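[1] Turn this into a model:
(chains A and B)
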Amino acid sequence: AQSVTQPDIHITVSEGASLELRCNYSYGATPYLFWYVQSPGQGLQLLLKYFSGDTLVQGIKGFEAEFKRSQSSFNLRKPSVHWSDAAEYFCAVVPNFGNEKLTFGTGTRLTIIP
Amino acid sequence: EAGVTQFPSHSVIEKGQTVTLRCDPISGHDNLYWYRRVMGKEIKFLLHFVKESKQDESGMPNNRFLAERTGGTYSTLKVQPAELEDSGVYFCASSQVSQQFFGPGTRLTVL
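    Numbering: from 1, shown residues only, chains lettered A, B, ... in the order given. Here you go, the predicted structure:
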């Protein structure tokens, strides 16, 4: 069955430290990949997406993600986190263009400590 | 430009009652989606409208859930009668081309 796995339910990092959130997918072919963030009281906001081309994609708020076909992964990274990055992060996929039904991972909650 | 709005933000009802959630998409967006997140689980797709037509309702859990989008503008999602397992956060999203824009969600608590 098609699925998205975010193995880390909760991550705590210090402000200024680097961050990597993991995402693995299980699909027959390369899907379209997304990272969303949900801050308290807010809707899901798109951070970045990968459709094709350069496997390192840049997003908003200083985030980037790298698509690795051999590992079926799309990990999210940020070199230096800010207290405002505390939120819940969701990896999501769409199997192909034209089918926009998103399949989400279970989310990773990020806590930032001073 | 206004984003996707949802009403109410929070609803607390008793088992057996009826609740109607509303979603107003971004103006001009033909695609409207409903998703649900049950506590501790992943966000799951419920259904997809293209204008007023149901394109895909494969995620609707059972016939206690009824979604409508009359006139292709706002959408409602009615749960009747509500059960305990319906508790969760219901998200609405809209899109025109590819990127889905999400609303803040409605937190439904069934007691």
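
[2] tell me the contacts of the residue most central in space within chain B?
    Taking C-alpha atoms, centre = their mean, the centroid of chain B lies closest to residue B:34, which sits 3.8 Å from it. The neighbourhood of residue B:34, defined by C-beta atoms under 8 Å, 6 or more residues apart in numbering or on different chains, consists of B:23, B:45-47, B:67, B:75, B:77, B:90-92. C-beta here means a position set from N, CA and C on the backbone, and glycine is covered the same way.

[3] dump the residue contacts of residue B:94.
    Contact criterion C-beta under 8 Å, 6+ apart gives B:4, B:23, B:25-26, B:29, B:31-33, B:100-101 as the residues in contact with residue B:94.

[4] give me that answer again for 10 Å
    With contacts defined as C-beta atoms under 10 Å, 6 or more residues apart in numbering or on different chains, the neighbours of residue B:94 are B:3-4, B:23-33, B:49, B:75, B:100-103.

[5] ok, now residue A:53?
    Taking C-beta under 10 Å, 6+ apart as the test, what residue A:53 contacts is residue A:67.

[6] Could you do residue B:82 as well?
    Counted by C-beta under 10 Å, 6+ apart, residue B:82 has contacts B:11, B:13-19, B:64-65, B:108-111.

[7] repeat that for 7 Å
    Remark: with contacts taken as C-beta atoms under 7 Å, 6 or more residues apart in numbering or on different chains, residue B:82 is in contact with B:13, B:15-19, B:110.

[8] can you give me the strands in chain A?
    A:3-5, A:10-14, A:19-21, A:24-26, A:32-38, A:44-50, A:56-58, A:64-68, A:73-78, A:87-94, A:103-104, A:108-113 (DSSP state E).

[9] Next, see if the second one gets close to chain B.
    No. Using C-beta under 7 Å from any C-beta of the partner chain, no contact is recorded between strand A:10-14 and chain B, whose separation bottoms out at 11.7 Å.

[10] how near is the residue lying closest to residue A:41 once chain neighbours are set aside to residue B:80?
    Of all residues beyond its chain neighbours, the one nearest residue A:41 is residue B:104 (6.5 Å), with distances taken as C-beta to C-beta, 6 or more residues apart in numbering or on different chains. With distances taken as C-beta to C-beta, to the nearest Å, residue B:104 is found 24 Å from residue B:80.

[11] Looking at the contacts of residue B:94, which are in strands?
    When strands are assigned by DSSP E, the members of the contacts of residue B:94 inside them are B:23-24, B:31-33, B:49, B:75, B:101-102.
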